[in-house]
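Asks: The amino acid sequence is not available; the structure is as follows:
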């Protein structure tokens, strides 16, 4: 009897095993058919988080752009103020040198002579000045000579 029971148990196992394999094949085929079917398009839902995030990103980009423009303008103003500052410092140095020259008699005479020659086109007695009329930027031509010889700027 034990042998019969063993045979019966083995037959049951075989049958169960075959049934299991058959069911497994069916499930696999069903999955294949589901994959081949065209998926239905899902409706896009209105997502509040995405809208808020998009608004935040746009606001951030707008603010960053405006701040970049403001920084660029301020850099331009700083460069302009620095150039004005350097020009002022140079003129202060020149004025300090002029004050020192005024206090010293020899340097005062040199300063007066320089101003007389440059601004008023004066010359020393028995000094001859040669003027090249072909050059247009000659500083000595201004105010020297006849009306036809003068260069208009």
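Replies: Right, received. Where do you want to start? Here the structure is a predicted model, which means the values were calculated and not measured. Residues are numbered from 1 along each chain as shown.
Asks: Show me where the chain dips below the pLDDT cut-off.
Replies: For the chain, the stretches with pLDDT under 70 are 1, 4-5, 7-13, 15-18, 20, 37-44, 135-153.
Asks: tell me, which helix in it spans the most residues?
Replies: The residue-count maximum for a helix in the chain (DSSP state H) belongs to helix 48-103.
Asks: Show the subsequent helix or strand relative to that one.
Replies: The helix or strand immediately downstream of helix 48-103 is helix 105-120, counting by DSSP states H and E.
Asks: by contact count, what packs against that next one?
Replies: Contact partners of helix 105-120 among helices and strands, from 3 or more CB pairs under 8 Å, 6 or more residues apart in numbering; DSSP states H and E: helix 48-103. Using the backbone N, CA and C atoms, a C-beta is placed for each residue, glycine as well.
Asks: Now do the helix it packs on against helix 105-120, angle only.
Replies: Here helix 48-103 runs at an angle of 120 degrees relative to helix 105-120 (axes from the mean of the first three to the mean of the last three CA atoms, to 10 degrees).
Asks: Can you name every helix or strand that helix 48-103 contacts?
Replies: Under the contact rule (3+ CB pairs under 8 Å, 6+ apart), helix 48-103 is packed against helix 105-120.
Asks: now the helix it packs on: how far from the chain's centre is it?
Replies: Here helix 105-120 is found 50 Å from its chain centre; the criterion is CA atoms, centre = their mean, to the nearest Å.
Asks: again with stretch 113-128
Replies: Distance, centroid of stretch 113-128 to centroid of chain: 53 Å (CA atoms, centre = their mean).
Asks: What is the end-to-end distance of it?
Replies: Using CA to CA, to the nearest Å, one end of stretch 113-128 lies 16 Å from the other.
Asks: Burial check on residue 117, number of neighbours?
Replies: 14 (other CB atoms under 10 Å).
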